[in-house]
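Novice: need a 3D model of the sequence below.
(chains A and B)
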Amino acid sequence: MADERTAEIAVSGAEDRAFGLAEPAGIGLLWAIALGALGTAWFFPLHLALAADILILALFALSLDLVLGFAGIVSLGHAAFFGTGAYVAGLLALAGWREPLSGLLAAGVVAGLLGLVASFLLLRGRDLSRLMVTLGLGMMLHEAANKAAWLTGGADGLQGIRIDPIAGLFAFDLFGRTAFFYSLSVTLLAVALLVRLATSPFGLALRAIRANALRARLLGIDVERHLVIAHGLGAGLAGIAGGLLAQTTQFVSLDVLAFQRSAEVLLVLLLGGAGNLWGAVVGAVVFKLAHETLASITVHYWTFWLGAMLVVLVLFASDGMTGLARQLAHRMRRRAGARRAPGS
Amino acid sequence: MSTALATEALARRFGGLVAVDEVTLRLRAGERAALIGPNGAGKTTLVNLLTGTIAPSSGRIFLEGRDVTALPAHRRARAGLVRTFQIRQLFDPLTPLEAVMLALLAARGRSLAPFRRLRREEALLEEARAVLRSVGLEGLRGEPTRTLPYGAQRLLELALALAGRPKVLLLDEPAAGVLREESREILQTIARLPRSVTVLLIEHDMDLVFRFAERILVMVQGRILADGSPREVAGDPRVRAAYLGGSIDVGG
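Specialist: Below is the predicted model of the structure:
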């Protein structure tokens, strides 16, 4: 009886490894975010604004992970959807619609629809042309928002945004406590959704398409449809991240659409490692903390260290920090296995 | 006997070059046929036309009597027209279990399900394991494809095609580059296929062709030069001429 049980467990363990992206890893990520965030709130109650910032960047990077890490669509214009979400949430609030949850949903829906439309421009061509198309779209939207000052406030941005208490209970406070818990809840929900997606047939199909689109097509997969949906979902999540920023900081400026922001989120994802969800979160934490630390020591040299980080990353850890961690774990397991082998 | 796959004056021109020149052929259901011909004869182009990766210049393609000429590649695959590749066309980061699961899902048009859980698809998982068992890859099902030995990768190639529930299977040099004993294993797997599957083998290895095929089509310069039983084809002087002085010997 006991033997049967162990056999069963051994089989399911092998099955877990047989799925490259296992559910336990995803659930672990949910716990890591929740515990990390709550720990921060407990030990550093004066840094909740920074913590909320990190969560929003993590959410933004996760949305890019869906597009780049899973669907394999290289993008240098992902801020287009982040910014769209920010402006939608901001404009709704200024127009008198101050309920936060529906405002956030609207931000996601509008950005998602824009992402669906834009994705048809990304189906043709390979990496370089996609890079150019996304870069171009981002620049166009940025300039359009600059020119449409009657709507967006132009260079002054959207000011005087007021948001109702969440669920009528939690008002946004000066210490950023509500903003923090709001960002945390939304991020956790998004991660749960992404984990579900990553371990679904759709997630598997996206990874297959990224690895070999021709073969995926000849197995009967409608490659274009999968990519369009992935890009739409990724854009929608980016819109929610942008909406979250607008609602929690109660301000929207033109730089939500800036090229800088697209480049930054790409760097964050590559720093952490693309295609495994963990990387986006790890990247966001490391990036923001490094920024805070380095900028407080040497104000002007932040971009220098940022550049250095990028070079080191590409040369020594092309799969990002999570890739590096996996390699180390693999090597240690091999060494442990080698040590055991002579005895057995 | 019913027709599984047929073409009608199928042609493809690349600029001035006629790669496939008005090919009309008919494969009966359950048939074991082989397509041979010298390099550059147009065999690969013909396969690409059949599977829909390239569009024909003219002519038509029928799968079980239905005109599929305008059907996109993924719909043809789902309809049961499945191919394997001569060169490595696998999913490097996926494990064999994942890849075969994907093939099973794709064949059923069920890959677009963002909220189902892969691990809850127990019937499909069971079927995926059975497919891997049938090609002898069950023990390697959890290893990333890129780390598999070459022979195992060829078997996985075959497993992916089998998981696609093929009605017509186009095997493009399934044993290219593998060792002798592995090639035997691959041939045995192919020979075990049920008669509900029609097989067209595209192959250079004459030994393999003559052991497997009941019918041989010889393609030269974009045309079907000869079509008949192995004995007829081997005795055909035009075929011997095409292969420069008769390097074909019957029966191995």
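
Novice: A:Ile229: neighbour count?
Specialist: Neighbourhood size, A:Ile229 [other CB atoms under 10 Å in any protein chain shown]: 19. Every residue, glycine included, has its C-beta placed from N, CA and C.

Novice: buried sites along stretch A:127-143?
Specialist: Of the residues in stretch A:127-143, A:130-131, A:133-135, A:137-139, A:141-142 count as buried by neighbour count, 16 or more other CB atoms under 10 Å in any protein chain shown.

Novice: low-confidence ranges, chain A, go.
Specialist: Within chain A, the ranges that satisfy pLDDT under 70 run A:1-24, A:299, A:337-344.

Novice: in it, which helix has the most residues?
Specialist: helix A:223-249 (DSSP state H).

Novice: and that one with chain B, contact?
Specialist: Yes. Counting by CB under 8 Å from any CB of the partner chain, chain B has neighbours in helix A:223-249: A:223, A:225-226, A:229, A:233.

Novice: just the buried members of those?
Specialist: A:223, A:226, A:229, A:233.

Novice: gap between the last one and A:Ile54?
Specialist: Noted for A:Leu233: a distance of 23 Å to A:Ile54, by CB to CB, to the nearest Å.

Novice: verify the stated contact: A:Ala41 with A:Leu48.
Specialist: Yes. The criterion here is CB atoms under 8 Å, and A:Ala41 meets it with A:Leu48 at 6.4 Å.

Novice: between these two, which contacts overlap?
Specialist: A:177, A:180 (CB atoms under 8 Å, 6 or more residues apart in numbering or on different chains).

Novice: so between these two, which is more surrounded?
Specialist: A:Leu48 (22 against 16).

Novice: A helix includes B:Ala70, no?
Specialist: No. Assessed with DSSP: H, G, I helix; E, B strand; the rest coil, B:Ala70 is coil; it does not lie in a helix.

Novice: contacts only, for it.
Specialist: B:Ala70 touches nothing, counting by CB under 8 Å, 6+ apart.

Novice: and the pLDDT at it?
Specialist: Looking at B:Ala70, its pLDDT reads 95.

Novice: and for B:Gly246?
Specialist: B:Gly246 is assigned a predicted lDDT (pLDDT) of 48.

Novice: wait, which of the buried ones among the residues of helix A:223-249 next to chain B is closest to A:Trp150?
Specialist: A:Trp150 lies nearest to A:Leu233 out of these, by CB to CB, at 31.6 Å.

Novice: now the closest one. Nearest residue, chain neighbours left out?
Specialist: Once flanking residues are discounted, A:Leu233 sits nearest to A:Leu66: 6.1 Å by CB to CB, 6 or more residues apart in numbering or on different chains.

Novice: now the element after the longest helix of chain A, going C-ward?
Specialist: helix A:259-272 (DSSP states H and E).

Novice: now the very next helix or strand once past that next one and helix A:259-272, what's the angle there?
Specialist: Note on helix A:259-272: by DSSP H and E, the next helix or strand toward the C-terminus is helix A:278-297. Put simply, helix A:278-297 runs at 120 degrees to helix A:259-272, going by axes from the mean of the first three to the mean of the last three CA atoms, to 10 degrees.

Novice: which residues sit against the following helix or strand past helix A:278-297?
Specialist: Using DSSP H and E, the helix or strand that follows helix A:278-297 in sequence is helix A:302-316. By CB under 8 Å, 6+ apart, the residues outside helix A:302-316 that reach it are A:267, A:270-271, A:290-291, A:294-295, A:320, A:324.

Novice: for helix A:302-316, C-alpha coordinates in PDB please.
Specialist: In PDB, the C-alpha atoms belonging to helix A:302-316 read as follows (Å, rounded to 0.1, in the frame of the first residue of the first chain):
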ATOM      1  CA  TRP A 302      22.100  56.100 -12.800                       C
ATOM      2  CA  THR A 303      22.000  55.700 -16.600                       C
ATOM      3  CA  PHE A 304      25.600  54.700 -16.700                       C
ATOM      4  CA  TRP A 305      24.900  51.800 -14.300                       C
ATOM      5  CA  LEU A 306      21.800  51.000 -16.200                       C
ATOM      6  CA  GLY A 307      23.800  50.600 -19.400                       C
ATOM      7  CA  ALA A 308      26.400  48.500 -17.600                       C
ATOM      8  CA  MET A 309      23.700  46.300 -16.300                       C
ATOM      9  CA  LEU A 310      22.400  45.800 -19.800                       C
ATOM     10  CA  VAL A 311      25.800  44.800 -21.200                       C
ATOM     11  CA  VAL A 312      26.600  42.400 -18.400                       C
ATOM     12  CA  LEU A 313      23.200  40.900 -18.800                       C
ATOM     13  CA  VAL A 314      23.500  40.200 -22.500                       C
ATOM     14  CA  LEU A 315      27.000  38.900 -22.100                       C
ATOM     15  CA  PHE A 316      26.700  36.600 -19.100                       C
END
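
Novice: buried residues in that helix?
Specialist: A:302, A:305-306, A:309, A:313.

Novice: with stretch B:168-188 instead?
Specialist: For stretch B:168-188, by 16+ other CB under 10 Å, it's B:168-175, B:178, B:182-183, B:185-187.

Novice: low pLDDT regions in chain B?
Specialist: B:1, B:244-252.

Novice: all strands of the stretch 1-150 of chain B, in order?
Specialist: Per DSSP state E, counting those that start in this stretch, the stretch 1-150 of chain B carries strands over the ranges B:3-14, B:17-28, B:32-36, B:58-63, B:66-67, B:81-83.

Novice: select, out of the ones you listed, the one closest to A:Phe202.
Specialist: That would be strand B:81-83 among the strands of the stretch 1-150 of chain B, by CB to CB, at 22.0 Å.

Novice: on the three-state scheme, the residue nearest to A:Leu233 is what?
Specialist: Applying three-state DSSP: A:Leu66 is helix.

Novice: A:Val74 too?
Specialist: coil.

Novice: report the contact partners of it.
Specialist: A:68, A:127, A:130-131, A:134 are the contacts of A:Val74 under CB under 8 Å, 6+ apart.

Novice: next, the contact list for the closest residue to chain A within the stretch 151-252 of chain B, please.
Specialist: Residue nearest to chain A within the stretch 151-252 of chain B: B:Gly164 (5.9 Å; CB to the nearest CB). Residues in contact with B:Gly164 (CB under 8 Å, 6+ apart) are A:219-220, B:77, B:80, B:82, B:103, B:106-107.

Novice: and A:Leu233, by the same measure?
Specialist: Listed by CB under 8 Å, 6+ apart, the contact set of A:Leu233 reads A:66, A:112, A:115, A:197, B:114.

Novice: could you do B:Ala175 as well?
Specialist: B:154, B:182-183, B:186-187, B:203, B:205, B:208.

Novice: one more time with 7 Å
Specialist: Listed by CB atoms under 7 Å, 6 or more residues apart in numbering or on different chains, the contact set of B:Ala175 reads B:154, B:183, B:186-187, B:205, B:208.

Novice: now those residues in TSV, with distance to chain A and secondary structure?
Specialist: Below are the contacts of B:Ala175 laid out as TSV (distance: CB to the nearest CB, whole Å; DSSP: H, G, I helix; E, B strand; the rest coil):
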residue	distance to chain A	secondary structure
B:Arg154	14	helix
B:Ser183	22	helix
B:Ile186	19	helix
B:Leu187	23	helix
B:Asp205	23	coil
B:Leu208	23	helix
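
Novice: nearest to B:Ala130 among these?
Specialist: Of the contacts of B:Ala175, the one sitting nearest to B:Ala130 (CB to CB) turns out to be B:Ile186, at 18.4 Å.

Novice: ok, for that closest one, nearest residue in space, not its chain neighbours?
Specialist: That would be B:Ala175: by CB to CB, 6+ apart, it lies 5.0 Å from B:Ile186.
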